[in-house]
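Student: Sharing a model prediction with you, sequence too.
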Amino acid sequence: MLRLTLLWLPVFLFFFSSSSARPAPYAMRISCGARINVRTPPTYTRWYKDFAYTGGIPANATQPSFITPHLKTLRYFPLSEGPENCYIINRVPKGHYSVRIFFGLVEHDIDNEPLFEVSVEGTIIHSLKSGWTSHDEQVFAEALVFLLDNTVSICFHSTGHGDPSIISIEILQIDDKAYYYGPEWGKGIILKTTSRVTCGTAKPKFDEDYSGDHWGGDRFWHPIRTFGKNADEPRSTEGSIKQASVAPNFYPEALYQSAIVSTNSQPDLTYTMDVDPNKNYSIWLHFAEIDASITGAGQRVFDVLINGETEFENIDVVDMSGDRYTALVLNKTVALSGRTLTITLHPKKGHVILNAIEVFQIIVAESKTSAEEVRALQALKKALGLPNRFGWNGDPCVPTEHPWSGADCHFDKSGRKWFIDGLGLDNQGLRGFLPNEISKLHHLKSLNLSGNTIHGAIPSSLGTVISLEILDLSYNFLNRSIPESLGKLTALRRLNLNGNSLSGRVPTALGGRLLNGASFNFTDNPGLCGIPGLPKCGPHLSVGAKIGIAFGIFMSLLLLVLCSWCWWKRRQNILRTQQIAAARSAPYAKSRTQSSHDIQMSRCPSRGRTAAENGPSLLS
Ligand SMILES: *[C@@H]1O[C@H](CO)[C@@H](O)[C@H](O)[C@H]1NC(C)=O
Ligand SMILES: *[C@@H]1O[C@H](CO)[C@@H](O)[C@H](O)[C@H]1NC(C)=O
Ligand SMILES: *[C@@H]1O[C@H](CO)[C@@H](O)[C@H](O)[C@H]1NC(C)=O
Ligand SMILES: *[C@@H]1O[C@H](CO)[C@@H](O)[C@H](O)[C@H]1NC(C)=O
Ligand SMILES: *[C@@H]1O[C@H](CO)[C@@H](O)[C@H](O)[C@H]1NC(C)=O
Ligand SMILES: *[C@@H]1O[C@H](CO)[C@@H](O)[C@H](O)[C@H]1NC(C)=O
């Protein structure tokens, strides 16, 4: 079983932060492959072990970057474990979360940089790019997601380039409104962290290192000391910053205590990064006037251009934030068609200043597969003992790039759900039986399980899957009769039941359909009968007729027993009467006995009790 179910006991850590009465956010940190819970410096963060869970292989880890949590182990998933492996974490309170996964290298295999994909709740949030091990900000994937059904599934999809290797998984609750950017923002949106930089410092920092609020989600800030050949200047301050750690994003104050300021030799500040084309991005810019030379509003004014378009005009940080040493956060959503994102700060008055940048890719969350159909497939997986290579983990239909092998999916736009409309598991060496739950695949049009080692009966519930057009169960070991219910499958065009051990009469409703050009094959079943091409069946008897016959036989036997008893009893009486009569007048006694015998014979069959009544009466 590769589906890892983590049932964690210590779910809530109800400690209260000193600044407010709000409880601490839910936080779940997993050290993959660890045998014991561990704590890491400098904040003594607690990481839970996952050692009790099967699937994947625990190994010693080599950390590709110094920003990777200092955990000694990882879990990796060779292809023999299947192309899709998931952690399913239960009992996660409904809410908004930052989900982060750090990747690692297996200790004995450090030259092998694996490339794979990561999905959260069925939506791909990250594809590792070659060279990731040498870029600090690429050693993890992070996305902001809404988790609404008390569980989260995080899956790793092999792409044929090495084994997915995971050091840690963090599920950190953030404010419900965190990173709200406008009306399009909402529960169906995932923000994938593409870049987060802190300006004017050389130290990479996590919110935790900055003593940031736990509701901030422990963001990682990649440092940029300078934007261009030291033509700009770093600034920093020890002074406190107003309006920094406020809802909904709770940025650490220290983020605003350093900045880059442009100079005369390079008046513009330009930040460029690679992006995926034809995606929407949410861009967040952070400012605080920490330059002692600026004493009031109107002294520093600039524009912000994104890929050459002016997105913010006449920014005056002191004026807009209300004061010096006060945080100002601006956000903008842009659609990018090209592969680069360029953010330019262009001065109108004085020089420009910039404290930090965040860039998120906006991803529309995938709709999931109908829960009932997922349960049906899981029952089938179990009943047929599906091997790992099928990768039946996570959601069957999403990510759409990695559906379960053999499953054909159909999206229902009105219900916003995926359904299974085809299953092709033919010639896969499967052994087992067909579970009743297969009938819960209400949208199935085609089912091909031909050429396996499936035993037992065809479940009669299959007759409720009225959408079925193609049913191929040929070349298995199915026995018993074909359920009558299959006659209800009026859409059925092809039915292959040949090459099994089926017996009994082919349902008449199916036989009749043959006339309408459907193609059915019942050959090579030793005991089937009843349609042209198959042997003739014995006389056809309904269940009622069978019960009637059985009842008739029973009654006849009962009658026979009773009559024998009557006869025997009378015989006894006659003998006794004859003995008495012989002592008196023999002819009288004989005639009387004869007549009672006639009456008895005629009454005996009509009522079972008569014999008993007459018996004693003869004696009186
Ligand atoms: C992992 O490292 C520990 C020591 O740190 C060692 O005892 C153990 O054998 C290693 N495990 C593997 C699978 O290499
Ligand atoms: C982001 O910008 C939009 C519109 O510009 C604004 O309504 C929203 O409040 C901003 N979000 C945050 C968290 O400040
Ligand atoms: C970008 O956002 C616009 C407006 O919300 C939307 O119509 C468009 O489909 C989005 N594009 C992508 C690639 O998500
Ligand atoms: C089912 O699979 C078998 C074996 O792959 C194939 O020969 C057969 O044509 C398929 N059945 C249908 C109805 O397509
Ligand atoms: C049908 O097959 C099953 C499983 O192989 C077996 O247990 C059962 O006895 C068989 N029933 C009949 C009527 O042959
Ligand atoms: C039915 O199946 C048998 C093998 O079991 C095959 O020889 C025959 O050609 C099939 N008939 C049709 C009409 O496909």
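Tutor: Thanks, I have it. Ligands and ions are numbered 1, 2, ... in the order given.
Student: Close to ligand 4: what parts of the protein are there?
Tutor: When proximity is defined by Cβ under 6 Å from any ligand atom, the chain lies next to ligand 4 at Asp426, Asn427, Asn448, Ser450, Gly451, Ile470, Asp472, Arg494, Asn496. C-betas here are computed from N, CA, C, even on glycine.
Student: what's the most distant pair in those?
Tutor: Asn427 and Arg494 (17.0 Å; Cβ to Cβ).
Student: and Leu492, what is it in contact with?
Tutor: Counting by Cβ atoms under 8 Å, 6 or more residues apart in numbering, Leu492 touches Leu468, Glu469, Ile470, Leu471, Leu486, Leu510, Arg513, Ala518.
Student: Point out the ones among these that are inside strands.
Tutor: When DSSP state E is applied, the contacts of Leu492 are split such that Ile470, Leu471 fall in strands.
Student: and which of the contacts of Leu492 is nearest to ligand 3?
Tutor: Using Cβ to the nearest ligand atom, Glu469 comes nearest to ligand 3 of these, at 34.9 Å.
Student: mind listing the helices in the stretch 201-350 of the chain by residue range?
Tutor: Assigned helices in the stretch 201-350 of the chain, in chain order: 317-321 (criterion: DSSP state H, counting those that start in this stretch).
Student: Residue of it nearest ligand 4, please.
Tutor: Proximity of the stretch 201-350 of the chain to ligand 4 (Cβ to the nearest ligand atom) peaks at Asn278, 37.5 Å away.
Student: likewise the stretch 451-600 of the chain?
Tutor: Closest residue of the stretch 451-600 of the chain to ligand 4, Cβ to the nearest ligand atom: Asp472 (3.9 Å).
Student: In contact with the residue of the stretch 201-350 of the chain closest to ligand 4, which residues?
Tutor: Listed by Cβ under 8 Å, 6+ apart, the contact set of Asn278 reads Ala335, Leu336, Ser337.
Student: Of those residues - the most surrounded one?
Tutor: Neighbour tally across those (other Cβ atoms under 10 Å): the maximum, 18 neighbours, falls on Leu336.
Student: doesn't Val275 make contact with that one?
Tutor: Yes - the pair Leu336 / Val275 is scored as a contact, 5.6 Å apart, by Cβ atoms under 8 Å.
Student: Need the per-residue pLDDT for the nearest residue to Ile36 once chain neighbours are set aside.
Tutor: Of all residues not flanking Ile36 in the chain, Lys49 sits nearest, at 5.5 Å (Cβ to Cβ, 6 or more residues apart in numbering). pLDDT recorded at Lys49 is 94.
Student: before we move on, what about Leu74?
Tutor: Each residue has a pLDDT score; the one for Leu74 is 96.
Student: Please apply the same query to Leu619.
Tutor: Predicted confidence (pLDDT) for Leu619: 24.
Student: follow-up on the earlier one: measure the residue of the stretch 451-600 of the chain closest to ligand 4 to Lys445 for me?
Tutor: 12 Å (Cβ to Cβ, to the nearest Å).
Student: do Asn280 as well
Tutor: Distance check for Asn280 against Lys445: by Cβ to Cβ, it reads 35 Å.
Student: residues in contact with the nearest residue to Thr40 once chain neighbours are set aside?
Tutor: In space, and not counting its chain neighbours, Thr40 is closest to His70: 4.9 Å by Cβ to Cβ, 6+ apart. His70 is in contact with Thr40, Pro41, Gln63, counting by Cβ under 8 Å, 6+ apart.
Student: ok, and the most crowded of those residues?
Tutor: Gln63 leads the contacts of His70 on contacts (other Cβ under 10 Å) with 19 neighbours.
Student: That one reaches Ile167, doesn't it?
Tutor: Yes - using Cβ under 8 Å, Gln63 is in contact with Ile167, at 7.0 Å.
Student: Just read off the phi/psi values of Leu380.
Tutor: Backbone dihedrals for Leu380, given as degrees, to the nearest 10, come out at phi -70, psi -40.
Student: swap in Ser460?
Tutor: The phi/psi pair for Ser460 (degrees, to the nearest 10) reads phi -70, psi -20.
Student: next one: the one 3 residues further on
Tutor: In this entry, Gly463 is assigned phi and psi values of phi -70, psi -10 (degrees, to the nearest 10).
Student: So it is in contact with Gly487, correct?
Tutor: Yes - the pair Gly463 and Gly487 qualifies as a contact (Cβ under 8 Å) at a distance of 7.2 Å.
Student: Can you tell me how far Ile363 is from ligand 4?
Tutor: Distance of Ile363 to ligand 4, computed by Cβ to the nearest ligand atom, to the nearest Å: 37 Å.
Student: Oh, that last question was meant for Ser439, not what I typed.
Tutor: As for Ser439, its distance to ligand 4 is 19 Å (criterion: Cβ to the nearest ligand atom).
Student: How about the residues of the protein by ligand 2?
Tutor: Selection of the chain residues close to ligand 2 by Cβ under 6 Å from any ligand atom yields Tyr180, Tyr181, Gly182, Pro248, Asn249, Val329, Asn331.
Student: Look at the fourth one and say how many residues are nearby.
Tutor: To tie it back to what came earlier, the one meant is Pro248. A count of neighbours around Pro248, defined by other Cβ under 10 Å, yields 14.
Student: now the first one
Tutor: By the criterion of other Cβ under 10 Å, Tyr180 has 14 neighbours.
Student: How about the fifth one?
Tutor: When neighbours are defined as other Cβ under 10 Å, Asn249 has 23 of them.
Student: quick one: it from Ser98, how far?
Tutor: Counting by Cβ to Cβ, the gap from Asn249 to Ser98 is 11 Å.
Student: where are the low-confidence patches of the protein?
Tutor: Low-confidence segments of the chain (pLDDT under 70): 1-21, 514-516, 539-554, 563, 566-567, 574-575, 577-620.
Student: all helices of it, in order?
Tutor: According to DSSP state H, the chain carries its helices in the segments 317-321, 371-383, 508-513, 543-583, 586-603, 610-619.
Student: In the second one, which of the residues would be classed as buried?
Tutor: By neighbour count with 16 or more other Cβ atoms under 10 Å, helix 371-383 contains the buried residues Glu373, Val374, Ala376, Leu377, Gln378, Leu380, Lys381, Ala383.
Student: Would you format those as TSV with distance to ligand 3 included?
Tutor: Below are the buried residues of helix 371-383 laid out as TSV (distance: Cβ to the nearest ligand atom, whole Å):
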residue	distance to ligand 3
Glu373	28
Val374	27
Ala376	32
Leu377	30
Gln378	32
Leu380	35
Lys381	34
Ala383	40
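Student: Can you tell me which of those residues is closest to Asn500?
Tutor: Proximity of the buried residues of helix 371-383 to Asn500 (Cβ to Cβ) peaks at Ala383, which lies at 17.0 Å.
Student: any idea how far that closest one lies from Glu372?
Tutor: Counting by Cβ to Cβ, the gap from Ala383 to Glu372 is 17 Å.
Student: Lys205 now?
Tutor: Taken as Cβ to Cβ, the span from Lys205 to Glu372 is 47 Å.
Student: and if you look at Ser450?
Tutor: Noted for Ser450: a distance of 26 Å to Glu372, by Cβ to Cβ.
Student: Then Cys397?
Tutor: Separation of Cys397 from Glu372 (Cβ to Cβ): 13 Å.
Student: Phe419 now?
Tutor: Look at Phe419 and Glu372: by Cβ to Cβ, they are 10 Å apart.
Student: who touches both of the two?
Tutor: Common neighbours of Phe419 and Glu372 (Cβ under 8 Å, 6+ apart) are His442.
Student: picking that back up, contacts only, for the residue nearest to Ile36.
Tutor: Applying Cβ under 8 Å, 6+ apart to Lys49 gives the contacts Ile30, Ser31, Ala34, Arg35, Ile36, Asn37, Val38.
Student: who's in contact with Asn525?
Tutor: By Cβ under 8 Å, 6+ apart, Asn525 lies in contact with Leu497, Asn498, Gly499, Asn500, Ser501, Leu502, Ser503.
Student: Can you turn the buried subset of those into a selection I can paste into ChimeraX?
Tutor: In ChimeraX, this line selects whichever of those come out buried by 16+ other Cβ under 10 Å:
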select :497,498,499,500,502
